[in-house]
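**Student:** The sequence and its predicted three-dimensional model are supplied below.
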Amino acid sequence: MFVSAADSQMEATKPQSALARFEYTQYHMGVDVRMVVYAPDKAASERACTAAFARFAELDSIMSDYRPASELMKLCAKAGEPPVRISKDLFTVLAFAQEIAERSDGAFDVTCGPLITLWRKARKTHILPTEAEISRARALVGWRKLRLDEKAMTAQLLVPGMKLDLGGIAKGYAADCAQEVLGDHGITRALVEAGGDIVVSDGPTPTTGWSVQLPNLRVRGKAQTLSFESAAISSSGDTEQFAIIGGKQYSHVVDPRTGQALSNRVQATVVAHRGITSDSLSTAVTVLGVEGGRKLMSHYATETLYARTVDANSTESEGTQKLLLDTADTPATQQVGYFPPPDDRGGWRTPKDAAATRSLAGMDLSRLDQAYEFTSRCSQNGGLLVVRNGYLVYEKYFGRAHRNANPDMASTGKAYTSIACGIMLNEFKDKIPAGLDQKV
């Protein structure tokens, strides 16, 4: 995943010299966790990031399936016994996991620990598990075998031998919590990256966002880059963790319903407001496939899915989001492109509020209102309609204008044609026949 601070025109009225960029990395939850923050000084950045990393470590000690002393493993040790009181953090993750499990018909299921253990061994030994082994493990799997009581804050595993695995949800939640800690320390411009999960707050400056190259949003085969603020971006698939056994590629992701490691090569990127959401949904979509993933995403209208099936013969490695060089001086329009594609459903959607507009479309509603006011002073009839990154960001009219009006394009058409020609001449110089640029 490439992420950068993509600056859309610096404002002379808002100097950014008060904040400096700092970056730190520590190892938690089996991955390098990276934090990029903008703070007044090094001491402030170190205090904030030290506390945020400590929160990551705390959650690792709660949710790790590798540590026998973790709260998760202590709960698993009591499988088949009465309900166990658990921490708020663990309950929050398990409750959300159960929601995704129900809506995905079990394609996402944190009770799949016994199957994960089987396939981890297979990836190491390059020996496939037997049907009998898979059958025994499947008898211990099923999201309905996990019961939660919100009032009592308890969890119960109904079958002895059950084991939970939070690999498809814990890092996203931890990144959310790390951002909360940074905010408590006054850091509001930050990025937290943990494996295939990224959670960002405000951009490095009031006019910049974090540019993320999305491997599963492609135009003419090329991964596209979008700018984000106050958002979470997660990608899942088999591009990094997999094994080739008997000439067939098996993912680290297992379908809890069949007990088989995935070999469908579905890649998914989900953009959401929270890391716990993007992390779990992207995992679920890789199991469900593209069409099944779209059905699941219908329950989450404000989140965005980019999914595709990679050709079985493909050797591409461009499978996780890429964090671009964080320069804070690259115009966002250069990263995103002049003509962003529609969403994967083929249409435009509307952000629900100003925060969603900033995170999903990379635009500030207050500035669009200013543009509309300026437009309304220039004509008696007109309006402003903006489509950005698959979203109908702004639509407002004045005078006799409305969506279905028959506009007089005599002057407007000439203006837009001139702008379009200017863009083409600038961006596609090598494709313009010699001499034609002068005639245009």
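**Tutor:** Structure's in. What do you need? Numbering: from 1, shown residues only.
**Student:** So in this structure, which strand runs the longest?
**Tutor:** Across the chain, the strand with the greatest residue count (assigned by DSSP state E) is strand 208-219.
**Student:** And that strand, what does it pack against?
**Tutor:** Counting contacts by 3 or more Cβ pairs under 8 Å, 6 or more residues apart in numbering; DSSP states H and E, strand 208-219 packs against strand 2-7, strand 197-200, strand 222-228, strand 231-236, strand 266-272, strand 304-309, strand 322-323, helix 332-336. Backbone N, C-alpha and C define where each C-beta goes, glycine included.
**Student:** Which of the ones you listed comes out lowest on mean pLDDT?
**Tutor:** Within these, confidence is poorest for helix 332-336, with a mean of 33 (mean pLDDT).
**Student:** Can you show me the strands along the stretch 1-150 of the chain?
**Tutor:** Counting by DSSP state E, counting those that start in this stretch, residue ranges of the strands within the stretch 1-150 of the chain are 2-7, 20-28, 31-39, 84-85, 146-149.
**Student:** For the shortest one, what does the pLDDT average out to?
**Tutor:** In other words, strand 84-85. Mean predicted confidence for strand 84-85 is 98.
**Student:** and if you look at stretch 369-387?
**Tutor:** 76.
**Student:** what comes into contact with that stretch?
**Tutor:** With Cβ atoms under 8 Å, 6 or more residues apart in numbering as the test, stretch 369-387 has contacts from 348, 363, 368, 392-402.
**Student:** Check stretch 243-251 too.
**Tutor:** Applying Cβ under 8 Å, 6+ apart, the set of residues contacting stretch 243-251 is 119, 122-123, 126-128, 237-238, 241-242, 261-263, 265, 286.
**Student:** do the same with stretch 123-134
**Tutor:** Taking Cβ under 8 Å, 6+ apart as the rule, stretch 123-134 contacts 115, 118-119, 121-122, 137, 241-243, 245-246, 250, 252, 259-260.
**Student:** thinking again about what came up before, starting from the longest strand of the chain, tell me which strands it pairs with and how they run.
**Tutor:** strand 2-7 (antiparallel), strand 222-228 (antiparallel), strand 322-323 (antiparallel) (DSSP bridges).
**Student:** Buried ones in stretch 68-87, by neighbour count?
**Tutor:** Neighbour-count burial for stretch 68-87 flags 70-73, 75-76, 79, 83-84, 86 (criterion: 16 or more other Cβ atoms under 10 Å).
**Student:** That one: end-to-end distance?
**Tutor:** Its start and end residues considered, stretch 68-87 measures 17 Å (Cα to Cα, to the nearest Å).
**Student:** ok, back up a step: take the contacts of stretch 369-387 and keep only those in strands.
**Tutor:** Counting by DSSP E, those contribute 392-398 to strands.
**Student:** Just the buried residues of the residues you listed.
**Tutor:** By neighbour count, with 16+ other Cβ under 10 Å, the ones in strands among the contacts of stretch 369-387 hold 393-394, 396-398 as buried.
**Student:** Of all pairs in these, which one is the farthest apart?
**Tutor:** Distances among these were taken as Cβ to Cβ; the most separated pair is Val393 and Phe398, at 17.8 Å.
**Student:** From Arg21, how far out is Leu262?
**Tutor:** 38 Å (Cβ to Cβ, to the nearest Å).
**Student:** Comparing the two, which residue is more hemmed in?
**Tutor:** The neighbour comparison of Leu262 against Arg21 (other Cβ atoms under 10 Å) goes to Leu262, with 22 against 15.
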